[in-house]
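Student: got a predicted structure here, sequence first:
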Amino acid sequence: MGEVANCPRCNGIFIKGSSVVCPNCKQKEESDFQAVYTFMRKKQNRTAVVAEIVAKTGVSEERIRQFVKQKRLHPSQFPNLDYPCEKCGTSISEGRICKGCREDITRGVAVDERNKALEDRKRAAEKERVSRTYYSVEND
């Protein structure tokens, strides 16, 4: 049996199942999607930007970007739909982060790995230097 939860959108109580929102909010989301999709299916609207879609359908920009992010609206069919990069906010149409942020992360990981390898070599050299040290004992 499902778990009782509060809807994150309307704070209503519902039994949590496959959906994380209550049935009323789920139905509202679905009607918003249908409104946006119906608008976008018209040939003259396929190149509409998010601001135009908001003005014509009344669906919030956040909800439209959520549909794109969930891949319910595909940028390949509607080229001007996008959503913000999770790191810097730049508009993107696929993935979670933009190319620039992805390259920054890759460079950061490479630098970190290089520093770790250097530290390991230093530790190994120090260990070898210490193991070669000879001590002499004077007998009196």
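Tutor: Yep, that arrived. What you see is a predicted model; the values in this text were computed from it and never measured.
Student: in this protein, which spans are strands?
Tutor: For the chain, the strands defined by DSSP state E cover 3-6, 13-16, 83-84, 91-92.
Student: what does the last one contact?
Tutor: The set of residues that contact strand 91-92 without belonging to it, under CB atoms under 8 Å, 6 or more residues apart in numbering, is 82, 83, 84, 85, 98. From N, CA and C alone the C-beta is placed, and that goes for glycine too.
Student: mind putting the strands of the chain in JSON lines, mean pLDDT and mean neighbour count included?
Tutor: Formatted as JSON lines, those follow (pLDDT from 0 to 100; neighbours: other CB atoms under 10 Å):
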{"stretch": "strand 3-6", "mean pLDDT": "87", "mean neighbour count": "11"}
{"stretch": "strand 13-16", "mean pLDDT": "87", "mean neighbour count": "14"}
{"stretch": "strand 83-84", "mean pLDDT": "79", "mean neighbour count": "18"}
{"stretch": "strand 91-92", "mean pLDDT": "84", "mean neighbour count": "16"}
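Student: which of the ones you listed sits closest to residue 22?
Tutor: strand 13-16 (3.9 Å; CB to CB).
Student: looks like residue 47 contacts residue 81 (just checking).
Tutor: No. Contact criterion CB atoms under 8 Å: residue 47 and residue 81 do not qualify, at 9.8 Å.
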